[in-house]
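**Q** give me a 3D structure for the following:
(2 chains)
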Amino acid sequence: GENVEQHPSTLSVQEGDSAVIKCTYSDSASNYFPWYKQELGKRPQLIIDIRSNVGEKKDQRIAVTLNKTAKHFSLHITETQPEDSAVYFCAASIWGGSYIPTFGRGTSLIVHP
Amino acid sequence: DSGVTQTPKHLITATGQRVTLRCSPRSGDLSVYWYQQSLDQGLQFLIQYYNGEERAKGNILERFSAQQFPDLHSELNLSSLELGDSALYFCASSAARVDTQYFGPGTRLTVL
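**A** Next up, the predicted model:
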């Protein structure tokens, strides 16, 4: 089955800095890659996603890049703010009648004011 | 608010007991997914239902079962509970043949 590795497990930055979280996946058939943000005790919320026919996608301060050849994808957050502090999960999915994601272990992002 | 509801919010029970978690998907969504989130295992897919039928199965124990009813709400039944079953259980829903899943607020299960 699919295996998703996510790094780093913890990321501490100063407000205004950029943050980058990296994920690798094992199954080349994976074609949908969502990113979720989860605040403490709350539900995961989709923040951005990318499909395998696209190399990069941007939404305001958040961007995701995908390298299918190397089987890795990354989340980039620019101009970080304290409210960006949360756990971020990447996932890789294969279409098999529906998308069943395999999640990375998560990155705890701490943005210091 | 994602539009997905889950009850109860918290559940405390003893080993060996059986509990039922309930999920109502967003209006119009036919697919319901169940996930377990624990510190040691991370976020793991358990099972998916689509319009009342089981569609996909993940790392779901035989002690666990689920169903989706005609009104599309779903229930996850956990039996013979063990300490290790303590976790956050999320359900998510999606529209037909669409990849985006919306998560509910979760049920925190504590087994003592």
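
**Q** what residues does chain A have near chain B?
**A** A:32, A:34, A:36, A:42-46, A:49, A:51, A:89, A:93, A:95-106 (CB under 8 Å from any CB of the partner chain). C-beta: built from backbone N, CA, C; applies to glycine.

**Q** narrow those residues to those in helices?
**A** Among these, no member is found in helices (DSSP state H).

**Q** drop anything exposed from these.
**A** Buried residues within the residues of chain A next to chain B, counting neighbours by 16 or more other CB atoms under 10 Å in any protein chain shown: A:32, A:34, A:36, A:43-44, A:46, A:49, A:89, A:93, A:98-106.

**Q** nearest spatial neighbour of the spatially most central residue of chain B, chain-adjacent residues omitted?
**A** Geometric centre of chain B, nearest residue: B:Trp34, 3.4 Å, by CA atoms, centre = their mean. Residue nearest to B:Trp34 in three dimensions, not counting chain neighbours: B:Leu46, with 4.2 Å by CB to CB, 6 or more residues apart in numbering or on different chains.

**Q** next, count neighbours for B:Ser24.
**A** If you count neighbours by other CB atoms under 10 Å in any protein chain shown, B:Ser24 ends up with 19.

**Q** ok, the one 5 residues further on next?
**A** When neighbours are defined as other CB under 10 Å, B:Asp29 has 20 of them.

**Q** same question for the one 4 residues further on.
**A** Using other CB under 10 Å, B:Tyr33 has 29 neighbouring residues.

**Q** what bits of chain A have low per-residue confidence?
**A** By pLDDT under 70, the low-scoring segments of chain A are A:96-97.

**Q** please name every helix or strand in contact with the strand ranked longest in chain A.
**A** Counting residues, the longest strand found in chain A (DSSP state E) is strand A:86-95. Applying 3 or more CB pairs under 8 Å, 6 or more residues apart in numbering or on different chains; DSSP states H and E, we find strand A:86-95 packed against strand A:4-7, strand A:19-25, strand A:32-38, strand A:72-77, strand A:99-103, strand A:107-112.

**Q** and B:Pro8, which of the ones you listed is closest to it?
**A** Smallest distance to B:Pro8 across the helices and strands packed on strand A:86-95 (CB to CB): 20.2 Å, for strand A:32-38.

**Q** listing partners with orientation, what would you give for the closest one?
**A** Using DSSP bridges, strand A:32-38 pairs in its sheet with strand A:45-51 (antiparallel), strand A:86-95 (antiparallel).

**Q** tilt between the shortest one and strand A:72-77?
**A** Orientation check (axes from the mean of the first three to the mean of the last three CA atoms, to 10 degrees): strand A:45-51 against strand A:72-77 gives 130 degrees.
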